[in-house]
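>>> prediction below, plus the sequence it came from.
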Amino acid sequence: MAFKHIAEIPGYVGKEVALRGWVHRHRATKNNVFIVLRDSTGVVQCVVKKDAKFFEDAERVGIETSIAVKGTVKKDERAPGGHELTLNSFKVVGPSEEFPITKDQSTEFLLDVRHLWLRSQRMTQMMKARAYLLGYFRDWFKENGFWEVSPPILTVTGCEGGSTLFSIDYFGRKAYLSQSAQLYLEAISYSLERVYSLTPSFRAEKSRTTRHLIEYWHLEAEEAFVDNEGNMKIEEELISYACQKLAKEHPQILKFFGREPKEMLAVKPPFERLSYDEMLEELKHKGIDLPWGEDPGAKEEKALTMDRKKPLFVYNYPRGAKAFYMKKADEKHVACADLLAPEGHGEIIGGSERIWDLKELLQSIKEFGLNPKDYEWYVDLRRYGSVPHSGFGLGVERTLKWILKLEHIRDAVPFPRTINRVYP
């Protein structure tokens, strides 16, 4: 008999099915053993009667033991998943020692045994949501003429700033782990026009906040012949598409995390836009005095977004607060925008129109105190048919943290890398 997945059980009421998976819960009484079996698609309660020849084996089985069973399906609204199996076959595939995770374990302990905690329903649902979200992003990019490409992870130049780079010895030469694929995506956009990539990024920031990871997954895009306003439209359409699809196709995952699907269905363009100077005024009304020229931090972003239900664009930051490659909007501001998630979650996307004029780029590199030799290949792009272009980078974990209402970003990735954790 071919094995089925638990999600297929509703179509087999009154029939015998074969399942395999892991013991999620276990309870024995005098006359019955109740086993909650889990697989990648869900959970179902299995019942072993006293007169079954394998009753004692089922009685002794431990949590997380892998098993293969056969049984007859019946509806039971009281059971997990709404169905139950009465078993007529039971086999241990792989025994389990006493499972170390029990109720009410500390956060640090669960991080120490992350390789086992991934089996929890919470982490399973998070990983499914993450996979769906990435799939929707890819779908939107494909439908809108973008090509997925593969930029390098090892680089000789920094994109955001030298203080947060991880350096390595590259056969006697200094190299770095990538902070961003942006510069390489710009090069490829001169060929394919609209490109994107999904890569890990590494930033050596000594931040101990609920929204910082040392290693995170970076969804980045570059678009030829697009200005900053067009870039923002692309971002809001991408985010809206993914939120809508997740709410329509997998509302049960959102509900699992306490997120009402209608909240994600309401995420539609256009998103509200505030200029940097308008943002400062709003912060003043909220009792926060941010000096002109400073980038808002977690405190300011929380104040701006706590009462909002949709993402918010803050655009045209002061030039000194942003990176060297951003095109001037005027003498004091650059043509950029950060997208802040609502409900206090803060920045999830940073984007800008790039400097595409050769002289302006050379001047900017000089003003930011960078070594022109490190960027010769990047400057070359402006020598041979340069065009206006823009791009952005989206933090996958930050976006998922918002959508699933997670308290900490470490719960948006299977194996988090933070300032004090690189194990397991």
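Happy to help now that I have it.

>>> C-alpha from now on. contacts and neighbour counts both.
Fine.

>>> how about the helices in the stretch 151-300 of the chain?
Using DSSP state H, counting those that start in this stretch, the helices found in the stretch 151-300 of the chain span residues 182-192, 228-249, 251-256, 261-265, 276-285, 298-305.

>>> now those helices in CSV, with mean neighbour count, distance to residue 316 and mean pLDDT?
Formatted as CSV, these follow (neighbours: other C-alpha atoms under 10 Å; distance: least, C-alpha to C-alpha, whole Å; pLDDT from 0 to 100):
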stretch, mean neighbour count, distance to residue 316, mean pLDDT
helix 182-192, 19, 19, 98
helix 228-249, 20, 9, 98
helix 251-256, 17, 34, 98
helix 261-265, 18, 27, 98
helix 276-285, 16, 6, 98
helix 298-305, 19, 16, 97
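
>>> make a markdown table from those and add distance to residue 74 to it.
What follows is these, written out as a markdown table (distance: least, C-alpha to C-alpha, whole Å):
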| stretch | distance to residue 74 |
| --- | --- |
| helix 182-192 | 54 |
| helix 228-249 | 26 |
| helix 251-256 | 22 |
| helix 261-265 | 30 |
| helix 276-285 | 58 |
| helix 298-305 | 48 |
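
>>> so which of these is nearest residue 101?
Evaluated over the helices of the stretch 151-300 of the chain, closeness to residue 101 peaks at helix 251-256, with 20.9 Å, by C-alpha to C-alpha.

>>> quick one, which of the helices of the stretch 151-300 of the chain is nearest to residue 97?
helix 251-256 (29.4 Å).

>>> return the list of helices and strands in contact with the closest one.
Applying 3 or more C-alpha pairs under 8 Å, 6 or more residues apart in numbering; DSSP states H and E, one finds that helix 251-256 contacts helix 121-143, helix 261-265.

>>> one more pass at 7 Å, please.
Applying 3 or more C-alpha pairs under 7 Å, 6 or more residues apart in numbering; DSSP states H and E, one finds that helix 251-256 contacts no other helix or strand.

>>> residue 131: neighbour count?
11 (other C-alpha atoms under 10 Å).

>>> hang on, I meant residue 179
Residues near residue 179, counting by other C-alpha under 10 Å: 27.

>>> looks like it contacts residue 201 (just checking).
Yes: here residue 179 reaches residue 201: they are 4.8 Å apart, a contact under C-alpha atoms under 7 Å.

>>> next, the residue sitting furthest away from the middle of the chain: phi, psi?
Most distant from the centre of the chain: residue 51, at 49.0 Å, with distances by C-alpha atoms, centre = their mean. Per-residue torsions, residue 51: phi -80, psi 0 (degrees, to the nearest 10).

>>> could you do residue 93 as well?
Torsion angles at residue 93 (phi, psi; degrees, to the nearest 10) stand at phi -90, psi -50.

>>> give me the distance between it and residue 5.
Relative to residue 5, residue 93 is positioned 17 Å away (C-alpha to C-alpha, to the nearest Å).

>>> and residue 180, by the same measure?
Residue 180 sits 40 Å away from residue 5, taking C-alpha to C-alpha as the criterion.
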